[in-house]
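Visitor: Predicted model and sequence below, questions to follow.
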Amino acid sequence: MNISIPYGRTHLSADIPDSRIGAVLRSRLEAYTPALGERELVEAALRAPIGSEPLEKLAEGKQNIVLIASDHTRPVPSKILIPPMLAAIRRGNPQARITILIATGCHRETTQAELTEKFGPEIVARENIVVHDCADEHNLVTIGTLPSGGALRINRLAAQADLLVSEGFIEPHFFAGFSGGRKSVLPGIAARETVYWNHNAAFISHPCARTGILDGNPIHRDMIHAARAAGLAFICNVVINAKHQVVGAFAGACEQAHLAGAAFLRDLCQCLKVPSDIVITTNNGHPLDQNIYQAVKGMTAAEATCRDGGVIIMAAACNDGHGGESFMQTMTQDISAAEILAAIEATPKKDTVPDQWESQILARILSRFHVVLISHADAGLVKAMKMHPAGDISQALEIADRLLGRKGSITVIPEGISTIIS
């Protein structure tokens, strides 16, 4: 069998004997073709909201309206989403004061050039756009306590709005279950300490904090509480394919619309696990595989179907290296992955540090499996982070067979980010 998997801006290919392939687990998202075009899907969703009155009706009589928008790290097609949302608000109340609040979470500030690329020059010139800063004490307010006990602090503009709405996109998420919906508030416009509390070690280790799981997920539970407390009244979220094309749109009440989008996505992305000795996977290529930090997400798909003691082969270009200084420092300690994991799991919620969750998940994976990383990252760095560097699929398989002491069975997951293994 010839397999071809995304890698950076290209693909990697290899011929593997059929006798070794147990399964190829592939999301149907890329093959799905909607009945409507991108803009038509969004407009149709806004016309028929789920569990809510239309946005223009909600806007009636509201003077201070905040629209939460995604930041530069998210491939949300805001040029398609924002204009009809603004138009709907102004149909309901032409005099409304509208602020577009950029949900950076704990990321760096979105630049003016990135805003222009995201929204287009007309919206940037015409609208009032504010970039959230998770450390700006003057513009953060406490609005309650999370179910987990942490202080719920969010951006002052959102807390003082008389109508709070958001755009976003829904994709499988490796510990929140799915992105989108309630995530616009937490982590989107929350204080740093609120985000860190929510991403604590006990929650990350919870068996329900996994891709595609919302029920019983403690991280999701905190996020839903935050969205309710903030009064997130209406969302317009989309599902996009690898080309960043809208293939589904869901608008309406935050919880109901998000659940509908998650169900749509699960139907396209879910595959039954096929346990194998070796699992080959990816981070869906560029722009999602630019560093090792991000590549951990794709590894979790392989984790769900690899036999204990097996080998995960991760193909991610990683042109930017490790992707997180704290993450790299943690993983290059001169102790085992199991010891790193134990130390993180013993960390109290209040003491959560930057990138701890990513280190915890990689340490969890490395404590159960060998990881062979096909990448452009420095081989010394890869080894220091307790993985085995490889240049291509054939070399990676040679390393995997040597680690196993035999030619193991293989499962291939071509798109690790967008595949839910259950």
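Guide: On my side now, so go ahead. Residues are numbered from 1 along each chain as shown.
Visitor: What segments of the stretch 251-400 of the chain are strands?
Guide: 270-271, 276-282, 306-315, 370-374, 388-390 (DSSP state E, counting those that start in this stretch).
Visitor: For the longest one, which helices and strands make contact with it?
Guide: If I follow you right, that is strand 306-315. Counting contacts by 3 or more Cβ pairs under 8 Å, 6 or more residues apart in numbering; DSSP states H and E, strand 306-315 packs against strand 2-7, strand 276-282, helix 292-303, strand 370-374, helix 393-404. Placement of C-beta: from N, CA and C, glycine included.
Visitor: Most tightly packed of those?
Guide: strand 276-282 (a mean of 28; mean count of other Cβ atoms under 10 Å).
Visitor: tell me the mean pLDDT over it?
Guide: The average pLDDT within strand 276-282 is 98.
Visitor: where exactly do the helices run in the stretch 151-300 of the chain?
Guide: Taking DSSP state H, counting those that start in this stretch, the helices of the stretch 151-300 of the chain run over residues 156-160, 192-198, 201-205, 218-230, 254-269, 292-303.
Visitor: between these, which one is nearest to residue 172?
Guide: helix 254-269 (5.9 Å; Cβ to Cβ).
Visitor: Give me the helices and strands touching that closest one, please.
Guide: Using 3+ Cβ pairs under 8 Å, 6+ apart: helix 254-269 touches strand 177-178, helix 218-230, strand 232-240, strand 246-252.
Visitor: give me that answer again for 7 Å
Guide: Where contact means 3 or more Cβ pairs under 7 Å, 6 or more residues apart in numbering; DSSP states H and E, helix 254-269 is packed against strand 232-240, strand 246-252.
Visitor: List of residues touching the first one?
Guide: Translated: strand 232-240. The contact list for strand 232-240 (Cβ atoms under 7 Å, 6 or more residues apart in numbering) reads 42, 45-46, 52, 55, 58, 75, 77, 81, 85, 163-170, 180-182, 184-185, 246-254, 257-258, 261, 264-265.
Visitor: C-alpha coordinates for it, PDB please?
Guide: Output of strand 232-240 as PDB, limited to C-alpha atoms (Å, rounded to 0.1, in the frame of the first residue of the first chain):
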ATOM      1  CA  LEU A 232     -22.700  34.800  26.100                       C
ATOM      2  CA  ALA A 233     -26.100  35.000  24.400                       C
ATOM      3  CA  PHE A 234     -25.400  34.100  20.700                       C
ATOM      4  CA  ILE A 235     -22.700  32.400  18.700                       C
ATOM      5  CA  CYS A 236     -22.000  31.800  15.000                       C
ATOM      6  CA  ASN A 237     -19.500  29.000  14.600                       C
ATOM      7  CA  VAL A 238     -18.300  27.200  11.600                       C
ATOM      8  CA  VAL A 239     -16.700  23.900  10.700                       C
ATOM      9  CA  ILE A 240     -13.900  24.200   8.200                       C
END
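Visitor: Now do it against helix 254-269, angle only.
Guide: Put simply, strand 232-240 runs at 10 degrees to helix 254-269, going by axes from the mean of the first three to the mean of the last three Cα atoms, to 10 degrees.
Visitor: Skipping adjacent residues, who's closest to residue 96 in space?
Guide: In space, residue 96 comes closest to residue 65 once its chain neighbours are excluded; the distance is 5.0 Å by Cβ to Cβ, 6 or more residues apart in numbering.
Visitor: Check which helix or strand the one you found maps to.
Guide: Assessed by DSSP states H and E, residue 65 sits inside strand 64-70.
Visitor: Name the residues that touch that strand?
Guide: If you take Cβ under 7 Å, 6+ apart as the criterion, strand 64-70 is touched by 59, 76, 78, 82, 85, 89, 96-103, 157-158, 160-168, 184, 188-189.
Visitor: Wait, a helix at residue 101?
Guide: No - counting by DSSP: H, G, I helix; E, B strand; the rest coil, residue 101 falls outside a helix, being strand.
Visitor: And the pLDDT for it?
Guide: On pLDDT, residue 101 comes in at 98.
Visitor: let's number from 54 now, not from 1
Guide: In the new count, where the first residue is 54, that last one comes out as residue 154.
Visitor: Looking at strand pairing, list the partners for it.
Guide: residue 121, residue 183 (DSSP bridges).
Visitor: Distance-wise, check the spatially closest residue to residue 415 that is not a sequence neighbour relative to residue 118.
Guide: Closest residue to residue 415 apart from its sequence neighbours, by Cβ to Cβ, 6+ apart: residue 349 at 4.9 Å. Separation of residue 349 from residue 118 (Cβ to Cβ, to the nearest Å): 37 Å.
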